[in-house]
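Colleague: Fold the following for me, if possible:
(one chain, ligands or ions: 1)
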Amino acid sequence: MSSDLGSKVVIVNFKAYAEVDGVKAVDLAKACEKVAAETGAKIVACPPMVELSAVAGAVSIPVLSQNIDPKKPGSATGWITPSMVKACGCAGTLINHAEHKVAPEVVGQCIEMAHELGLVTVVCANTVEDAKVLAAYAPEYIAVEPPELIGGDVSVTSADPAIVKNTVEQVKAVNPNIRVLCGAGVKNGKDVEAAIALGAEGVLLASGVVKAKDPYAVLKDLVSGL
Ligand code: G3P
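Modeller: Modelled structure (predicted):
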């Protein structure tokens, strides 16, 4: 059993940018929370692992871990167990981000363990083919992100709209309940609007918000595209 973040979501991956070191992660999450409260948009914060408790304790919007490892509580020094992520107050977790790839069978183990604890799973895929394979493990979300566009200034929705459309088609053919997101280079409300028009149910983004001079203003613009 697991919960759901819903359709039309903006997930902000804080990654490991210096802009969110320490208490600054809470500041960014509060900006996300403020925009969510003012607009009614679903915004999800995905802070660095070491700030999960601080962020989840400070805001009412859903918080995701950037990763989990398929480890049970106990002798697992340095690993991130699904149980500790749940105890931090997280709603769920990313799995298999392009910057933290794992084998497909490990993705499957992580999803199973997350679901046992009611954690939502957002699985990343680099390609349509990867997305199709990973759909067999039935995560709640698959986020397609071409690695070459990550961190760039051109949105996947304009650089490669076909990958978004085809991922939606292929994933839904495997399991119509999986929601498809897209990411890489997403920067503004027009990009989000384009993602929705291509059949995605939201976006996963990072640098456009985390590195912005005014994250609040960027977030306001982003959610205008939902
Ligand atoms: O997880 C989101 C990410 O990989 C996309 O990064 O900076 O292109 O929005 P960015």
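Colleague: How about the residues of this protein by the ligand?
Modeller: Neighbours of the ligand within the chain, by C-beta under 6 Å from any ligand atom: 13, 97-98, 145, 150-151, 183-186, 204-208. Bear in mind the C-beta positions are built from the backbone N, C-alpha and C, glycine included.
Colleague: State which one residue of the protein is found closest to the ligand.
Modeller: Closest residue of the chain to the ligand, C-beta to the nearest ligand atom: Ser207 (3.1 Å).
Colleague: Next up, the contacts around that residue.
Modeller: Listed by C-beta atoms under 8 Å, 6 or more residues apart in numbering, the contact partners of Ser207 are 15, 17, 151.
Colleague: rewinding a little: in PyMOL, how would I select just the buried ones from the residues of the chain next to the ligand?
Modeller: To isolate the buried ones among those in PyMOL, judged by 16 or more other C-beta atoms under 10 Å, type:
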select buried, resi 13+97+98+145+150+183+184+185+186+204+205+206+207+208
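Colleague: Go through the residues of the chain next to the ligand and flag which are in helices.
Modeller: Cross-referencing the residues of the chain next to the ligand against helices under DSSP state H gives 207-208.
Colleague: circling back to that earlier point, make CSV from the contacts of Ser207 and add pLDDT and distance to Ala162 to it.
Modeller: Output for the contacts of Ser207, formatted as CSV (pLDDT from 0 to 100; distance: C-beta to C-beta, whole Å):
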residue, pLDDT, distance to Ala162
Lys15, 98, 26
Tyr17, 98, 30
Gly151, 97, 21
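Colleague: Among those residues, which one sits closest to Cys46?
Modeller: Nearest to Cys46 among these, counting by C-beta to C-beta, is Lys15 at 8.4 Å.
Colleague: and that closest one, how many residues sit next to it?
Modeller: By other C-beta atoms under 10 Å, the residues close to Lys15 number 19.
Colleague: and it, that one's in a helix?
Modeller: No: Lys15 sits outside any helix when classified using DSSP: H, G, I helix; E, B strand; the rest coil, being coil.
Colleague: Which per-residue confidence value corresponds to the nearest residue to it once chain neighbours are set aside?
Modeller: Counting by C-beta to C-beta, 6 or more residues apart in numbering, the nearest residue to Lys15 once its immediate chain neighbours are dropped is Ala206, at 5.1 Å. Listed pLDDT for Ala206 reads 98.
Colleague: Perfect, that will be all.
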